[in-house]
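Take a look and give me a structure for this.
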Amino acid sequence: MFSDFFINIRWKLFTLQACAGISSMLIMIGAHVWHDYIFSEPNTPNNITETLAHELELLVANVTFQSSISVPILMWWDGFSSTTGLKTCQTSQCLFVDAQKFWRHPQTAGIFFYGSNFKRDRGLPLPRKADVDWALLHEESPKNEMIFNHGGWIQYFNHTATFRQKSDWPLTYQHAPSLALIESRSYWLDFEIKEQLQKDELLADIAYVQSNCDNPMERDDFVQELMKHVAVDSYGTCLHNKDLPNDIRSPEKLGDSEFLRLLSKYKFVLSIENAACPDYVTEKLWTPLVVGSIPIYLGATNVHEFLPTHKSAILIQDFRSMSDLVDYIRTISTHKQLYYSHLAHKTKSVTNGKLVHALQKPVGNLVEEFECLVCRRVHQRMSIANMGFKPEIFKANANHYGCLYPKTALEILNHETNDGSRRSFWQDKYFQSEIEARVLAQYMDRNSNFSLSEYQEVVLRLLKDDKP
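Predicted coordinates:
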């Protein structure tokens, strides 16, 4: 069996040597694979043959590894992106591979992680070499993965693409429509028409469309409290009390023009994000702005930076109590001019210069653009190092993702403080993620990997000590 294996290796080496004239490189590859066989976990000859085949595929693809700055290898640790092969980013080229085994390759220079796919049972690519960059892509809120909130963990990443404006490749406006759509009156309905539709179609003043009922903001608790004072039509599975028309009931129809026309009939749309974080704005804000309804909004703590005009939304955080909020909604719902003052981006134009500038920037494929940013930065680092200088080390911090301790929508409205003595499920998760960040940081500082059972044991022990 082993003799057949070595015959197979010699045949592959001979064939490629004859075709490409690169015998030294082939010998190096064969030695590299055999070294892995001896010094890593037990392998069968078939495993080694497979590994060699991967190495040879790289070689046949005309990828040259002799120069330390020629073509660095980049990879996705969790297989999130389908990018593979040689990728050209302006004047830089990087080879993207989809197999975790390449993280040990001498030309590996960067490893990508997708935040929502960050699984402890996969372990981490440790020990980590000093010249291997880590990159984090995470456009979602901390509801999906809270561990990146903490500076003690995110500091181990070199490059970031998140919803935060201070990340290396900000995804803040990923859900934003064009400036033309925000100002367009395609879905516009006059105040009088909305009032008539309320009577004819038995519509409430406020629409609520949510099917993700479990979230750190606990928005259903807020909406239930609001429903005690004003009528709300709830079309989603959360607090459902009104059915969508048959032709737009499937989730993929919720961006169609017919759904947008339905929302435009309402004076207000409840727009509560999954989390209250700086810069975290989604379609929950943008959709009502497009259709000409006023969003009753809670989410991004700096939402003023994203509003078309300073009055384009009713901001829950600006009120002192539910009764204050309800009084204001009732007032503007019966006063045409006051109502229109919140829709100046439709009746006049967008006055927020920062928003105008942001929406004028071309938007491409966010994943591919981030991959290219990292590729160019890796080349820059390697080139400077090759010249004998110390390259700049990029390092993330809490401002690249961090979101503060989660508060519920009712806590924010009522300006309640919480000293941690009482915790919701999501607040417990936040504290657990803080502990997990500390544990992972210990493994990073030791530069050694861990088993899932070992990791869980340490986390559980610290959680018991942390109980309020």
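
Identify the residue spatially nearest to residue 390, adjacent ones excluded.
residue 384 (7.6 Å; C-beta to C-beta, 6 or more residues apart in numbering). C-beta: built from backbone N, CA, C; applies to glycine.

For residue 261, see how far away that neighbour is.
56 Å (C-beta to C-beta, to the nearest Å).

cool, and residue 375?
Distance from residue 375 to residue 261, by C-beta to C-beta: 43 Å.

ok so, going back, give me the contacts around the helix or strand the residue nearest to residue 390 falls within.
Using DSSP states H and E, residue 384 falls within helix 366-386. Applying C-beta atoms under 8 Å, 6 or more residues apart in numbering, the contact partners of helix 366-386 are 68-69, 72, 74, 81, 83, 87, 89-90, 92-94, 96, 109-110, 112, 131, 133, 135, 137, 139, 158-159, 161, 168-169, 171, 174, 390-394.

Just those residues: which are in strands?
Those of these mapping onto strands are 74, 87, 89, 92-94, 96, 109-110, 112, 133, 135, 137, 159, 161, per DSSP state E.

Narrow the residues you listed to those that are buried.
The neighbour-count test (16 or more other C-beta atoms under 10 Å) marks 74, 87, 89, 92, 94, 96, 109-110, 112, 133, 135, 137, 159, 161 as buried among the ones in strands among the contacts of helix 366-386.

and those residues, which two are the farthest apart?
92 and 137 (18.7 Å; C-beta to C-beta).

what angle do the helix holding residue 384 and strand 92-97 make?
If you take axes from the mean of the first three to the mean of the last three C-alpha atoms, to 10 degrees, helix 366-386 sits at 120 degrees to strand 92-97.

can you give me the mean pLDDT across helix 366-386?
Mean pLDDT, helix 366-386: 94.

Check which residues of it are buried.
In helix 366-386, the ones that count as buried by 16+ other C-beta under 10 Å are 367, 370-375, 377-379, 381-382.

Quick check: the two most widely separated of these?
367 and 382 (22.7 Å).

ok, the residue nearest the centre of the chain - contacts?
Centroid check for the chain by C-alpha atoms, centre = their mean gives residue 139 as the closest residue, at 1.7 Å. Contacts of residue 139 were listed using C-beta under 8 Å, 6+ apart, and they are 115, 161-163, 171, 174, 366.

between those residues, which is nearest residue 448?
The closest of these, once distances to residue 448 are taken by C-beta to C-beta, is residue 115, at 23.3 Å.

Assess the claim that that closest one and residue 140 are in contact.
Yes - using C-beta atoms under 8 Å, residue 115 is in contact with residue 140, at 6.5 Å.

residue ranges of the strands in this structure, please?
Under DSSP E, the chain gives strands at 73-76, 85-89, 92-97, 108-114, 133-138, 159-162, 206-208, 232-234, 268-272, 294-298, 314-315.

Tell me which of the ones you listed sits most buried.
Greatest average neighbour count among the strands of the chain goes to strand 159-162 (a mean of 27), per mean count of other C-beta atoms under 10 Å.

Packing partners of that one?
With contacts taken as 3 or more C-beta pairs under 8 Å, 6 or more residues apart in numbering; DSSP states H and E, strand 159-162 sits against strand 133-138, helix 366-386.

I'd like those as a markdown table, with distance to residue 229 appended.
Converted to a markdown table, the helices and strands packed on strand 159-162 look like this (distance: least, C-beta to C-beta, whole Å):
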| stretch | distance to residue 229 |
| --- | --- |
| strand 133-138 | 37 |
| helix 366-386 | 41 |
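
circling back: a markdown table please, covering the strands of the chain and showing mean pLDDT and distance to residue 180.
Compiled in a markdown table, the strands of the chain are given as follows (pLDDT from 0 to 100; distance: least, C-beta to C-beta, whole Å):
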| stretch | mean pLDDT | distance to residue 180 |
| --- | --- | --- |
| strand 73-76 | 95 | 35 |
| strand 85-89 | 94 | 30 |
| strand 92-97 | 94 | 34 |
| strand 108-114 | 95 | 32 |
| strand 133-138 | 96 | 29 |
| strand 159-162 | 97 | 26 |
| strand 206-208 | 98 | 24 |
| strand 232-234 | 98 | 29 |
| strand 268-272 | 98 | 21 |
| strand 294-298 | 98 | 19 |
| strand 314-315 | 98 | 24 |
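
Residue 459: which of the ones you listed is closest?
strand 108-114 (19.3 Å).

Could you point out which residue ranges in the protein have low pLDDT?
The model of the chain has pLDDT under 70 over residues 1-69, 99, 418-422, 467-468.

Name the nearest of the buried residues of helix 366-386 relative to residue 255.
Nearest member of the buried residues of helix 366-386 to residue 255, counting by C-beta to C-beta, is residue 367, at 20.3 Å.

Give me the domain ranges for this protein.
1-60, 68-174+363-468, 179-356 (automatic domain parsing).

Tell me how far the residue nearest to residue 219 when sequence neighbours are not counted lies from residue 457.
Excluding the flanking residues, the one nearest residue 219 by C-beta to C-beta, 6+ apart is residue 272, at 4.1 Å. Going from residue 272 to residue 457 by C-beta to C-beta gives 38 Å.

again with residue 181
Residue 181 is 52 Å from residue 457, by C-beta to C-beta.

Same question for residue 307.
Taken as C-beta to C-beta, the span from residue 307 to residue 457 is 48 Å.

Between these two, tell me which one has more neighbours.
Regarding residue 307 and residue 457, a neighbour count based on other C-beta atoms under 10 Å identifies residue 307 as having more, with 23 against 13.

Please look at the more buried one and residue 355 and confirm they touch.
Yes - the pair residue 307 / residue 355 is scored as a contact, 7.5 Å apart, by C-beta under 8 Å.
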